[in-house]
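Student: predicted model follows, preceded by the sequence.
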Amino acid sequence: MERQGMEGEQGMGNEGQAEEGGFALPGAPYEGAALRALTLGDMAELAFVLAAEGVANAASPLRKPAFATVSATGAPALRTVFLRDLDRASRALFAFTDARSIKVAELARDPRASLLLYEPRCDVQVRLSGRARIRTEDDGAEAAWQGAPLSSRRAYLVTAAPGTASAMPVSGLPADVEGVIPSAERLDQGRRNFALLEFTFDDADVVVLSRTGHRRARIRWQADAARMEWLIP
Ligand SMILES: Cc1cc2nc3c(=O)[nH]c(=O)nc-3n(C[C@H](O)[C@H](O)[C@H](O)COP(=O)(O)O)c2cc1C
């Protein structure tokens, strides 16, 4: 899995936090000439830039998007996840999760999923749609486990499946690891509960909010090309 940075084509002529050789994520909403300069290609690029920022910047709200699945009854099911990685070439985003969690069972039944990114500084929303799959073994999960901070690994020691009812407020962690980060050896006992969630998107709905006049575009990636069109916001 290749870690992606803020990459892309030229900036959009807007003030922002440019990464070296990369695409500027604006620090303020698009207005005036900057808004009118936005091309469909820029709108598609925003989808990757917001996702890459979420992976790269732990302090950004983009780090914690809402991830939606389809519940057993067919209802939408949403929850927050931490973005861990982006593979731009395959349009895949990665998160860690508990293999016993409800979302994992939901994805086994129906892999359709959606992920919502919102950047408040520039008022850009990106809704990504596609499919998710769960990796648990040497298909990337093991490397992700080895690379995960010890503090992140502790969650997988919870003794019952996430979502299990409890008669009292509890963390679900065994007493010996409550309030402490245990040794790597102790943490390894949670490895069997750890899974890597891979969400691959083939559709992006990008909304740019602006006082000048909003912009909205839909991008559908097919085998070798992206079909892009403007939409009425
Ligand atoms: C800020 C924040 C970040 C979270 N990150 C993750 C995450 O990366 N992976 C995860 O499985 N759950 C994460 N959770 C918990 C989920 O939102 C959710 O409560 C849990 O995964 C159970 O979801 P489920 O019952 O739909 O499977 C996070 C919660 C919060 C508040």
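Tutor: Thanks, I have it.
Student: is the host helix or strand of Thr69 up against the ligand anywhere?
Tutor: Under the criterion of DSSP states H and E, Thr69 resides in strand 66-70. No. Between strand 66-70 and the ligand, judged by Cβ under 6 Å from any ligand atom, nothing touches; the nearest distance is 7.1 Å. Every residue, glycine included, has its C-beta placed from N, CA and C.
Student: so what are the sheet partners of that strand and their directions?
Tutor: strand 76-80 (antiparallel), strand 112-119 (antiparallel) (DSSP bridges).
Student: so of those, which one's packed in deepest?
Tutor: Comparing these by mean neighbour count (mean count of other Cβ atoms under 10 Å), strand 112-119 ranks first with a mean of 20.
Student: need the residues that contact that strand.
Tutor: The list of residues contacting strand 112-119 from outside it, by Cβ atoms under 8 Å, 6 or more residues apart in numbering, reads 25, 47, 50-51, 53-54, 60-62, 65-70, 93, 107, 124-132, 199, 201.
Student: among the residues you listed, name the ones in strands.
Tutor: In strands, judged by DSSP state E, the following of these are found: 25, 66-70, 93, 124-132, 199, 201.
Student: separate out the buried members of the contacts of strand 112-119.
Tutor: When burial is judged by neighbour count using 16 or more other Cβ atoms under 10 Å, the buried members of those are 25, 47, 50-51, 53-54, 60, 62, 65, 67-70, 93, 107, 124-130, 132, 199, 201.
Student: identify the residue spatially nearest to the residue nearest to the spatial centre of the chain, adjacent ones excluded.
Tutor: Centroid-nearest residue in the chain: Leu83, 4.3 Å away (criterion: Cα atoms, centre = their mean). For Leu83, the nearest residue in space outside its immediate sequence neighbours is Gly54; the separation is 4.1 Å by Cβ to Cβ, 6 or more residues apart in numbering.
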